[in-house]
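In: What shape does this take:
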Amino acid sequence: MFKVSRQVEYALLALKHMQRLDPDQVVPVRELCRVQRLPFDVISRALQRLAKHDIVHATRGATGGYHIVGDLHRLSLYDLVTIVDGAVEVVPCLSGPGRCKCGTLDNCDIASPMVQLNARLIAFFKTISLLELLETAQQPGHTLLTAQA
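Out: Sure thing, here's the model as predicted:
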């Protein structure tokens, strides 16, 4: 089963936290980690990647931190996953030679369906804006249990 990585989850939590703040308010990484109960190293790396792609802006110094500068409506879940994790792939052998660990790629009967599945997953991820995804959590009565129903 495909799962969103912890790094992507944490990046979403960080963006959600920053989205609640005034647009120019800078949040220090340590504060974000404390409030959201997230590991510093993982959040720090994710935010650095997001800053590199102009989704957040980093301010250095004693009063430094991050704030959102990118248009979350124009950014998709696909964008976030590729920025934080790299390629979206259902199985690792799709991303190039040497990645297949089972040794049967030449005779694999499911390689073509996996390529199609991966393409559909990518297309689906591209239809979900980060703003849409983050705002879903703000709807009254929306909880993890109702989201899974």
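In: Any idea which helix or strand in this protein has the lowest mean pLDDT?
Out: helix 144-148 (a mean of 45; mean pLDDT, DSSP states H and E).
In: Contacts only, for T63.
Out: By CB atoms under 8 Å, 6 or more residues apart in numbering, the contact list for T63 reads V26, P28. Placement of C-beta: from N, CA and C, glycine included.
In: three-state assignment of it?
Out: Using DSSP: H, G, I helix; E, B strand; the rest coil, the structure places T63 in coil.
In: now the helices: where do they sit in this protein?
Out: 6-19, 29-36, 40-52, 77-84, 111-126, 130-136, 144-148 (DSSP state H).
In: In JSON lines, list those along with mean neighbour count and distance to V69.
Out: Formatted as JSON lines, those follow (neighbours: other CB atoms under 10 Å; distance: least, CB to CB, whole Å):
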{"stretch": "helix 6-19", "mean neighbour count": "20", "distance to V69": "10"}
{"stretch": "helix 29-36", "mean neighbour count": "15", "distance to V69": "16"}
{"stretch": "helix 40-52", "mean neighbour count": "17", "distance to V69": "9"}
{"stretch": "helix 77-84", "mean neighbour count": "20", "distance to V69": "14"}
{"stretch": "helix 111-126", "mean neighbour count": "14", "distance to V69": "21"}
{"stretch": "helix 130-136", "mean neighbour count": "16", "distance to V69": "13"}
{"stretch": "helix 144-148", "mean neighbour count": "8", "distance to V69": "28"}
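In: Of those helices, which shows the lowest average pLDDT?
Out: Ranked by mean pLDDT, these end with helix 144-148 at the bottom, a mean of 45.
In: Contact partners for the residue lying farthest from the centre of the chain?
Out: Ranked by distance from the centre of the chain (CA atoms, centre = their mean), the top residue is N107, with 33.7 Å. By CB under 8 Å, 6+ apart, N107 lies in contact with nothing.
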